[in-house]
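S.K.: can you look at this prediction? I've put the sequence above it.
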Amino acid sequence: MSLLPSLLPATARQVDVLVAEAQAAGRAPSLVAGVVRDGKLEHFTGAGEHPHPDAGVQYRIGSISKTMTATLVMQLRDEGRLALDDLLYRHLPGTPVGGVTLRQLLGHAAGLQREPDSPGWWERTEGSDVDTLLAGLTADKLAFPPHRTYHYSNLAYGLLGAVLERITGRRWIELLTDRLLGPLGMNRTTYHPEEPFARGYVVHPWHGTLHEEPRTDTGAMAPAGQLWSTATDLAKWAAFLADPSPDLLAPETLTEMCAPVVMSDLDSWTSGHGLGPELYRVGERVLVGHGGSMPGYVSSLVVHRPSRTGVVVYANAYGVPLAVGRSIITTVLDSEPTPAAPAWRPSAPPPPEAAELCGQWWWMGLAHETSWDGAAGELVMVRGGRTAWRFAPAGADQWRGRSGTNDGETLRVRRGANGAVEALDIATFVFSRDPHRLA
């Protein structure tokens, strides 16, 4: 049942079929999915009637909450209020697990046990406050030496939430609302469910009846999985992960978050974890996002950043595999044509210091073409079909690398006695106009 068709009809039909099949196979009372492109929810579809599919109905998003907690940590890092390699001791003095770093906690490489101690499964138990969570920690909560292996830990994100509260003096949900949810217009993403919301169920294996699950306040563990959201709201978060608003998070910080901290699949390198987001390799594409589950709910958020495409999926029972989100986004990316490039337009003349560097340069007999990108104000150097090196001005006769293998390296312009440009020196690799000149 497609409700917002804007994909090509054939693609929309494939997505609708995937959703219907997943709902039936997973015996979910309802399953909804949205496709996000260029910041907009372009296609919404669903199957099942409990409740009827609606992009404004809340579901519990579970561990997708962790991507938002991680973003708060990175905001504070960018403000100089913490460092990723800070030991936990620095922010939670006296904790018996304080020898791990914030970076390791974010990437599930700290070696912490998966769950906090609790009278029952913490996701089905009313949570405690931060002080109680910290008081229950003992040294044996470290199941592995830090960074020896990937070990997913909900407890790690409870501790990150405690760090956020200790640094700012504010509750996690207050920080999240003020710093992310409010500015992004995610007004239907809330701590507690607000009508209309989907009830979560366990489906009886033999007769298909529904048992409604509790909707707990997880307290100090809320940063690991408490939130409720809608397809419309989570589409805004998918758009943010594809292309963040610079006034909320520097784009280069989000790129840092999406780089691997640890691989969770050492056999084939199809999955890993960054500074908050999960990383999935499907064929030649790398997707970022997170799966989520809470009693009676599963959810999936996947984003292909280069194409600014995302998928959000919710179901209100356990049987639906989280990989359905990856199947949907792969279908969309495989089926939809690449958008046409913007029409070419003549550009203004480059500045003199750039114009004299344009043209062909040689290194070890290999030709490199250098041009000027007036819109970005950068030099662009390319060899064949390889990834371009981009350089931004960094002072007189100096340019700083902005991409590729020379990202961060310095390009220095060498001039002769008459002031004419003779060579380009990029990190001691000398490029000449003469293919036979090697230095």
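M.R.: Perfect, thanks for sending it. Numbering: from 1, shown residues only.
S.K.: quick one: low-confidence parts of the protein?
M.R.: Residues of the chain meeting the criterion pLDDT under 70: 1-5, 120-122, 124, 339, 438-439.
S.K.: quick one, domains of it?
M.R.: Using automatic domain parsing, the domains assigned to the chain come out as 9-335, 352-432.
S.K.: and the last one, how far out from the chain middle?
M.R.: Think domain 352-432. Counting by Cα atoms, centre = their mean, to the nearest Å, domain 352-432 is centred 32 Å from the centre of its parent chain.
S.K.: endpoints of that domain, how far apart?
M.R.: Domain 352-432 has its terminal residues 19 Å apart, counting by Cα to Cα, to the nearest Å.
S.K.: one more: stretch 162-178?
M.R.: 17 Å.
S.K.: which residues are contacting that stretch?
M.R.: By Cβ atoms under 8 Å, 6 or more residues apart in numbering, the list of residues contacting stretch 162-178 from outside reads 68-69, 72-73, 76, 81-82, 88, 91-92, 102, 130, 133-134, 161, 191, 220, 222-223, 226. Using the backbone N, CA and C atoms, a C-beta is placed for each residue, glycine as well.
S.K.: same thing but at 7 Å, please
M.R.: The contact list for stretch 162-178 (Cβ atoms under 7 Å, 6 or more residues apart in numbering) reads 68, 72-73, 76, 81-82, 91-92, 102, 130, 133-134, 161, 191, 220, 222-223.
S.K.: next one: stretch 131-146
M.R.: With Cβ under 7 Å, 6+ apart as the test, stretch 131-146 has contacts from 92, 95-97, 100, 104, 109-113, 116-117, 151, 155, 158, 162, 220.
S.K.: which of the residues in it are buried?
M.R.: Within stretch 131-146, the residues scored as buried using 16 or more other Cβ atoms under 10 Å are 133-134, 137, 141-142, 146.
S.K.: go on, stretch 246-256?
M.R.: Quick answer for stretch 246-256 (16+ other Cβ under 10 Å): 249, 253-254.
S.K.: looking at those, which are in helices?
M.R.: 253-254 (DSSP state H).
S.K.: so which of the buried residues of stretch 246-256 comes closest to G26?
M.R.: Of all the buried residues of stretch 246-256, G26 sits closest to L254, with 31.5 Å by Cβ to Cβ.
S.K.: how much space separates the closest one from Y89?
M.R.: Per Cβ to Cβ, to the nearest Å, L254 is found 28 Å from Y89.
S.K.: follow-up on the earlier one: tell me the one of the buried residues of stretch 246-256 nearest V421?
M.R.: T253 (35.6 Å).
S.K.: SS state for the nearest residue to the closest one once chain neighbours are set aside?
M.R.: The spatially closest residue to T253, leaving aside those adjacent along the chain, is M74, at 5.3 Å (Cβ to Cβ, 6 or more residues apart in numbering). Here M74 is helix, with the state taken from DSSP: H, G, I helix; E, B strand; the rest coil.
S.K.: how close does M74 get to L180?
M.R.: Here M74 is placed at a distance of 11 Å from L180 (Cβ to Cβ).
S.K.: just to check, the residue nearest to T253 is in contact with P251?
M.R.: No - at 11.9 Å, M74 does not count as touching P251 under the criterion of Cβ atoms under 7 Å.
S.K.: make TSV out of the buried residues of stretch 246-256 and add distance to W237.
M.R.: Output for these, formatted as TSV (distance: Cβ to Cβ, whole Å):
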residue	distance to W237
L249	12
T253	16
L254	12
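S.K.: tabulate the domains of the chain (TSV), appending distance to P342.
M.R.: Formatted as TSV, the domains of the chain follow (distance: least, Cβ to Cβ, whole Å):
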stretch	distance to P342
domain 9-335	13
domain 352-432	10
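S.K.: ranking those by burial, who's on top?
M.R.: Stretch with highest mean neighbour count among these: domain 9-335 (a mean of 19; mean count of other Cβ atoms under 10 Å).
S.K.: from one end of it to the other, what's the distance?
M.R.: 11 Å.
S.K.: check stretch 221-233 too.
M.R.: Using Cα to Cα, the end-to-end distance of stretch 221-233 comes to 22 Å.
S.K.: which residues touch that stretch?
M.R.: 32, 34, 41, 44, 55-63, 65-66, 69, 116, 122-123, 127, 154, 157-158, 160-161, 172-173, 186, 188-191, 193, 197, 218, 292, 294, 312, 314.
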